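Generate a structure from the sequence data that follows.
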Amino acid sequence: MSARARSEAPGAQTAQDAKTRVLDAAVGLFARQGYDGTSVAQVISQAGVAKGGFYHHFASKEALLYEVYGDLISRQLDAMDAILARRLAPAETVRALIADLVESTAASAQQALVFWREQHKLGDERAEQYRRPRRRYHDAVTRVIRDGQANGSFATVASPEMVTFTIFGVINELPLWYRPQGRKRPAQIAAELADLVLAALEVRA
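Below you'll find the predicted structure:
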C-alpha cells in the first residue's frame, strides 16, 4: 500500500483527527488558562481522546507546546519552498512570501499567539528545534533581498538583514492585534505591508 493510500485509510484518518483535536484543545486551553495552568488531563478531556491516544502523538506537554508552533511553521516552510521554486522576480517573490506569511499567521492567530506567550517554557533542546526552521525562513528572505540588491532590482537603502527583521517584526506582532472581524482582511494587510517594504526598496534615479 502506498504512503498516500495509508494516509487515506480510515485508521490513519482517525489518528490524524485525534492529533488535530488535541492540538485544537491545547490551543484553546493554553489561551484561556496559560501553559502552566493547563494539565495533560484537561487537554485529553477537552479533546475527547484516550490517554494512550494523546501519548501516541505527544511525549509530553512540552512536546505539545512545541507542536503548536511546529504545525504552523511546517506549513509556512512548505509554502515558502513552493514560492521560491517558481523563480519569480525579486519583488514578486517578496510580495508572495509576505502574502503567505500574513495570511497563514492570521488564519492561525490564536495558535501563534499562544506560542509567542509560552515559548519560554520550552527547554533548550526544544527551543533550538523551533529556532532552526525560523532561521531557515529568515535566511531565505534575506537571500532574496540580497540577490535583488545585487542585481539592481532593489535599492541598498538598508541591509538585507534589516529588511528581513522589519518584515518579520510586523508579522510576529500580527496575532496581538489582528481580529477576524476587523475592517481589513489578511490579503489587504499583506498587500499594504508588501507595498511598504517594496516602496522602501524601490530603486530611484
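
Now do the helices in this structure.
Assigned by DSSP state H, the helices in the chain fall at 3-8, 10-33, 40-47, 51-57, 61-85, 90-107, 109-118, 124-150, 160-177, 186-200.

Take those and write them to CSV, including mean pLDDT.
As requested, the helices of the chain are arranged in CSV below (pLDDT from 0 to 100):
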stretch, mean pLDDT
helix 3-8, 42
helix 10-33, 79
helix 40-47, 94
helix 51-57, 91
helix 61-85, 91
helix 90-107, 97
helix 109-118, 86
helix 124-150, 92
helix 160-177, 95
helix 186-200, 97
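
Just put those helices in CSV and tack on mean neighbour count.
In short, each C-beta sits where N, CA and C put it, glycine included. Output for the helices of the chain, formatted as CSV (neighbours: other Cβ atoms under 10 Å):
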stretch, mean neighbour count
helix 3-8, 10
helix 10-33, 16
helix 40-47, 16
helix 51-57, 15
helix 61-85, 17
helix 90-107, 20
helix 109-118, 19
helix 124-150, 15
helix 160-177, 16
helix 186-200, 16
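
From the rest of the structure, what touches stretch 152-164?
Taking contacts as Cβ atoms under 8 Å, 6 or more residues apart in numbering, the residues outside stretch 152-164 that touch it are 89-91, 138, 141-143, 145-146, 148-149, 166, 197, 200-204.

With stretch 94-111 instead?
27-28, 31, 68-69, 71-72, 75-76, 79-80, 83, 86, 88, 112, 140-141, 144-145, 148, 167, 171, 174-175, 178, 180, 186-187, 189-191, 193-194, 197-198, 201.

For Gln111, see how far away the nearest residue to Gly28 once chain neighbours are set aside is.
Nearest residue to Gly28 in three dimensions, chain neighbours excluded: Gln46, at 7.0 Å (Cβ to Cβ, 6 or more residues apart in numbering). Distance of Gln46 to Gln111, given as Cβ to Cβ, to the nearest Å: 15 Å.

Also Glu62?
17 Å.

domains of the protein?
Split into domains by automatic domain parsing, the chain comes to 1-58, 59-205.

Looking at the protein, which residue reaches furthest from the middle?
The outermost residue of the chain, judged against the average C-alpha position, is Ala205 (37.4 Å), by Cα atoms, centre = their mean.

Do you know the pLDDT at that one?
We have a pLDDT of 73 for Ala205.

sorry, back to before: my guess is the residue nearest to Gly28 contacts Leu23, does it?
No: using Cβ atoms under 8 Å, Gln46 is not in contact with Leu23, being 11.1 Å away.

Quick one: end-to-end length of stretch 80-99, please.
Distance between the boundary residues of stretch 80-99 (Cα to Cα, to the nearest Å) amounts to 11 Å.

shift numbering so it begins at 7
Happy to do that; since the first residue is 7 now, the last one works out to stretch 86-105.

How much space separates Val163 from Arg210?
Val163 sits 9 Å away from Arg210, going by Cβ to Cβ.

So between these two, which is more surrounded?
Shown here are Val163 and Arg210; by other Cβ atoms under 10 Å, Val163 has more neighbours (13 against 5).
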